[in-house]
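S.K.: Need the 3D shape of this:
(2 chains)
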Amino acid sequence: MSDQGLTYTVDLVFCIDVSGSMRPILDQVKANALSFYSDVQTNLTAKGKDVDQLRVRVVAFRDLAHPDELPLEESAFFTLPGEQEGFAAFVERLSPAGGGDEPESGLEALALAISSDWTRTGDRRRQVIVVWTDASTLPLGSAPASPDFGTRIPADFSALTDQWENEQGAMGVNSKRLIMFAPDGSGWSEISSVWENVVHHPSKAGSGLSEVDYGTILDSIGNSV
Amino acid sequence: MSGAAQDAEPRVAMSFYLEQVAGEGEDAEPLVLVGYERSLLGVFDGLGGAGGTVYETPGGRHAGAWFASRLARDVVAGHMPEVVGAGPQIDGEQTARQLAERLRKALVERLAEFDAPRSSLRSKLLKALPSTMAVAYLVRGETGGYACHCFWAGDSRLYVIDPVAGAQQLTSDDLRSDNDAMANLLDDSVMDNCLSADTEFVVHHRRVDLQPPFIALAASDGCFGYVASPMHFEHLVLSGLDGAASPDGWREALRSSVQAVAGDDATLALLAVGGDLAELKGTYRTRLDTLRTTYIEPMEEAERQTRSAQEQADELEQRRGALRAELWSKYKPDYERHLSADAPTPAPGSEPPADAEAPSDEEPKTP
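M.R.: Below is the predicted model:
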């Protein structure tokens, strides 16, 4: 028997609401984002699965109806741990501003996350999107996005659902997970009840998450890969 | 059933149990019960991805997956004789339904006993006390053939290895995708049916008639899910047999081969009928040779060639980088002639300064 050990690759995309209403909790969310990847890695390693490549990128969002406040901003993928400094620097400089009242442009951020340049290497892949927000979502198409995003943002929720469920899409049908720390409300509730491979913690950006539930979330990512 | 066989044809039975984390293995110990007329093989794989919720009990703190697999094993071991009955004919479909009912009842009661706080998480991925089950109930007929009743839920598998046809999967994986066994090795699909305390499930049944000699086995996905191909799994079993001096040696060979590649807990229960170890080795040697020459060696050769080509490509890439650096060193002095801090840059169209060097046809000097 030749050496048949499998290689594991993990891509994480963090969608972080940085609108003004997040001011009281954004520091905690940033800390959670910075520790989340190492918690996933620890979970996998504890199960004997050595991660060969772990990458992470961030999509920060506010409200497209208020374009002066940089409504959508995204980073490239950082390969960790080598580019930890760059990842931390990107997260650290996120600051709460604008966005007006809820809802916010969470669905646009989610669309950008889904259309990430996901890794194609590794025998076993896990592609995870994590959303932290305290607000419901604006309907897609309610405000124009920058032309820089091209066709990455679909016209409506139905098209976004197709983008997630597309078996031929950029995300592997079995390797993708969507973790949402988001309140019950327009957008997130529909996703929670309809989409596959989703774990939803109904809350304001994860507040009140128990240790047991956090462990359950990590296991849902790490155990079946 | 008893632990020792007193039957017409010799048999070899074994099992192994591998944990990734000592004491936290989510598979239950495999079941191997061998009797004169009836035998039972079973594996139970608690699903950690779906059942990662941890429960505190007086007996210890474990994930729901850990409790589920052990409870399922206890239900099958304890109820199977009564459910199948003592008669010569087994109603497989009825047995599957009764097993499902008893498993559901036991899991629901166990979950209630935990009295755990309700999780705030919402997900179709998460289940309370989820586990797979793959159970082979083998009944020896009067003419020496065997009826193998397969009962399963989830993606643990039952196999038979025929001396001529090789490994055959007897259970159909309960997966959301239509992946075949090869595709599922690289794209581990979400299960769409498994034992659980809070979702509906079914226990499937299939009857397969077997003539000795044969090797029947039950395996959790830790055994077959991390090899390069389904052919490699058969090779793992038969090469272990071929190199073993005793049944214990066979078991250890299987265990170490699986341990070398598995990224999950792994359990296997095996019953070989129709020979002692030496006879089985003779019976399966031709198949093993065919397997090696037709499937394993060509794949290993392709793998070797791929590795070699990758090494060559890496070497060429390094040489390309070194050549580029070398040529740039040669090219750079002229290219940067005007960029030196103390070299004044004449304005376009202006006369060169009086002390400027006259143009020369000589080769530029490398500093």
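
S.K.: burial of residue 83, as a residue count?
M.R.: By default, I'm working from chain A. The number of residues packed near residue A:83 is 16, by other CB atoms under 10 Å in any protein chain shown. In short, each C-beta sits where N, CA and C put it, glycine included.

S.K.: I was after chain B.
M.R.: The burial count for residue B:83: 21, using other CB under 10 Å.

S.K.: is the longest helix along chain B up against chain A anywhere?
M.R.: Taking DSSP state H as the assignment, the helix of chain B that covers the most residues is helix B:297-335. Yes - judged by CB under 8 Å from any CB of the partner chain, helix B:297-335 comes into contact with chain A at B:300, B:303.

S.K.: Local confidence estimate at the most centrally placed residue in chain B?
M.R.: A centroid search over chain B (CA atoms, centre = their mean) returns residue B:225, at 1.8 Å, as the residue closest to the centre. As predicted, residue B:225 sits at a pLDDT of 91.

S.K.: What is the least confident helix or strand in the chain?
M.R.: You didn't say which chain, so I picked chain A. helix A:211-222 (a mean of 84; mean pLDDT, DSSP states H and E).

S.K.: switch to chain B, that's the one I care about
M.R.: helix B:181-186 (a mean of 86).

S.K.: Mind listing residues that contact that helix?
M.R.: Around helix B:181-186, the neighbours that count as contacts under CB atoms under 8 Å, 6 or more residues apart in numbering or on different chains are A:123-124, B:169, B:173, B:175, B:177, B:224-230.

S.K.: Relative to the helix or strand that that helix is followed by, what are the paired strands and their orientations?
M.R.: Using DSSP states H and E, the helix or strand that follows helix B:181-186 in sequence is strand B:204-210. Here strand B:204-210 is paired, per DSSP bridges, with strand B:146-153 (antiparallel).

S.K.: Enumerate every residue touching the closest residue to chain B within chain A.
M.R.: Ranked by CB to the nearest CB, the top residue of chain A for proximity to chain B is residue A:219, at 2.6 Å. Contact partners of residue A:219, counting by CB under 8 Å, 6+ apart, are A:43, B:48-49, B:52, B:63.

S.K.: Can you tell me which of those residues is nearest residue A:31?
M.R.: residue A:43 (18.1 Å; CB to CB).

S.K.: I'd say the closest one and residue A:220 touch.
M.R.: No - using CB atoms under 8 Å as the test, residue A:43 is too far from residue A:220 to be in contact (9.9 Å).

S.K.: Looking at those two, which has the bigger crowd around it?
M.R.: Neighbour count, other CB under 10 Å: between residue A:43 and residue A:220, residue A:220 has more, with 25 against 21.

S.K.: The more buried one: what's it in contact with?
M.R.: Residue A:220 sits in contact with A:177, A:199, B:49-50, B:52, B:123, B:125-126, where contact means CB under 8 Å, 6+ apart.

S.K.: try 6 Å
M.R.: The neighbours of residue A:220, taking CB atoms under 6 Å, 6 or more residues apart in numbering or on different chains as the test, are A:199, B:49, B:125.

S.K.: filter the residues you listed to the buried ones?
M.R.: The neighbour-count test (16 or more other CB atoms under 10 Å in any protein chain shown) applied to the contacts of residue A:220 identifies A:199, B:49, B:125 as buried.

S.K.: Leaving out the residues flanking it, which one is nearest to the first one?
M.R.: What it means is residue A:199. Distances taken as CB to CB, 6 or more residues apart in numbering or on different chains put residue B:123 closest to residue A:199, at 4.2 Å, once the chain neighbours are dropped.

S.K.: Can you show me the strands along the stretch 1-150 of chain B?
M.R.: B:11-18, B:31-34, B:38-43, B:54-57, B:60-63, B:133-140, B:146-153 (DSSP state E, counting those that start in this stretch).

S.K.: how about low-confidence regions in chain A?
M.R.: Applying pLDDT under 70 to chain A flags residues A:1-6, A:99-100, A:224-225.

S.K.: for it, what spans make up the strands?
M.R.: A:8-17, A:51-61, A:72-74, A:78-80, A:124-132, A:176-182, A:198-202 (DSSP state E).

S.K.: can you state the direction angle for the second one and strand A:8-17?
M.R.: Note on geometry: by axes from the mean of the first three to the mean of the last three CA atoms, to 10 degrees, strand A:51-61 and strand A:8-17 are set 10 degrees apart in direction.

S.K.: Strand A:51-61 packs against which elements?
M.R.: Secondary structure elements in contact with strand A:51-61, counted by 3 or more CB pairs under 6 Å, 6 or more residues apart in numbering or on different chains; DSSP states H and E, are strand A:8-17, helix A:26-46, strand A:72-74, strand A:78-80, helix A:106-114.

S.K.: Need the ones you listed in a markdown table (columns: distance to residue B:259).
M.R.: Formatted as a markdown table, the helices and strands packed on strand A:51-61 follow (distance: least, CB to CB, whole Å):
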| stretch | distance to residue B:259 |
| --- | --- |
| strand A:8-17 | 18 |
| helix A:26-46 | 17 |
| strand A:72-74 | 42 |
| strand A:78-80 | 29 |
| helix A:106-114 | 37 |
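
S.K.: closest to residue B:197 out of these?
M.R.: So among the helices and strands packed on strand A:51-61, helix A:26-46 is nearest, using CB to CB, at 23.6 Å.

S.K.: Tell me the helices and strands packed up against that closest one.
M.R.: So helix A:26-46, by 3+ CB pairs under 6 Å, 6+ apart, packs with strand A:51-61, helix A:84-92, helix A:211-222.

S.K.: So what touches stretch B:51-67?
M.R.: Counting by CB under 6 Å, 6+ apart, A:212, A:216, A:219, B:26, B:46-48, B:114, B:116, B:127, B:129-130 sit against stretch B:51-67.
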